[in-house]
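Peer 1: Sequence plus predicted model, see below.
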Amino acid sequence: MIEFELKIKVDEFPKIDDKFFVKEKRVLDVYFDTEKYDLIAGGNFLRVRNGDKVNFKLNIGDLSHSYCKETSFLNRDFVKNEDVKQIFKAMAVDYQHNYKSFEEFLKINDLRQLAVIDKLRKTYKIEDIEVSFDDAKDIGKFIEIEKNFPDNFQIDKEKTRKEILEQFKKFALVDKFEFVDIGYVELYLKEHNLEAYNKGLFKE
């Protein structure tokens, strides 16, 4: 699938009807990369969410960082997936695949912790969009609005961004905000690892 994501920064979260509320939880994302930052240099990301879900977010040519191709595995199922080999091939990153666990995969390929993003997330479901109110530690308050499309869908970025923002604003009043065209990991690296930030493909 193609995940289109709109992120806006706010001073305070708007009020939204409780009928759209889905869940509230802490989200801990740990990002990994090579010593030379090969993944983020190509606009690709490898992260582990809450210790049990491995995500690959692959750049498919969008320099605004609004949409990407996402593939996910449960940590315990990681070694069973031949897709991992194809994912690294798509990223043009060499890797060794004689591993028996995700932890061994990281060690063999010298993949190191790049950043830890810790946020309290409230999730809402409105029609066909998912809305997250994220209070990200040491970064700020953000609203993420996500919509999924089939892999072969041709996305008009500006049109889609406008449409899903207007869709959201029918249900929540948002006056003061700013668009954010980089992810939490870039926002974090900009403050805590400028070398990695500067080597990354996506920047403010």
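Peer 2: Yep, it's here.

Peer 1: Could you pick out the longest strand of the protein?
Peer 2: strand 112-126 (DSSP state E).

Peer 1: Flag every buried residue along that one.
Peer 2: Under the neighbour-count criterion of 16 or more other C-beta atoms under 10 Å, strand 112-126 has Leu114, Ala115, Ile117, Asp118, Lys119, Arg121, Lys122, Thr123, Tyr124, Ile126 buried. All C-beta spots, glycine's among them, are computed from the backbone N, C-alpha and C.

Peer 1: Repeat that for stretch 18-25.
Peer 2: Residues of stretch 18-25 classed as buried by neighbour count (16+ other C-beta under 10 Å): none.

Peer 1: can you check stretch 184-192 too?
Peer 2: Buried-residue list, stretch 184-192, by 16+ other C-beta under 10 Å: Tyr184, Val185, Glu186, Leu187, Tyr188, Leu189, Lys190.

Peer 1: Could you export the buried residues of strand 112-126 to a markdown table, including columns for distance to Gly51?
Peer 2: As requested, the buried residues of strand 112-126 are exported to a markdown table (distance: C-beta to C-beta, whole Å):
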| residue | distance to Gly51 |
| --- | --- |
| Leu114 | 16 |
| Ala115 | 16 |
| Ile117 | 14 |
| Asp118 | 13 |
| Lys119 | 15 |
| Arg121 | 16 |
| Lys122 | 21 |
| Thr123 | 19 |
| Tyr124 | 25 |
| Ile126 | 29 |
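
Peer 1: What segments of this protein are helices?
Peer 2: With DSSP state H as the criterion, the chain has helices at 38-41, 83-90, 102-108, 157-169, 184-192, 194-199.

Peer 1: any idea which of the ones you listed scores lowest on pLDDT?
Peer 2: Here those differ in mean pLDDT, and the lowest is helix 83-90 at a mean of 78.

Peer 1: list the helices and strands that one packs on?
Peer 2: Helices and strands touching helix 83-90, by 3 or more C-beta pairs under 8 Å, 6 or more residues apart in numbering; DSSP states H and E, are strand 53-58, strand 67-74.

Peer 1: got a list of contacts for the longest one?
Peer 2: The set of residues external to strand 67-74 that reach it, using C-beta atoms under 8 Å, 6 or more residues apart in numbering, is 1-5, 43, 52-60, 62, 81, 83-84, 87, 151, 155, 157.
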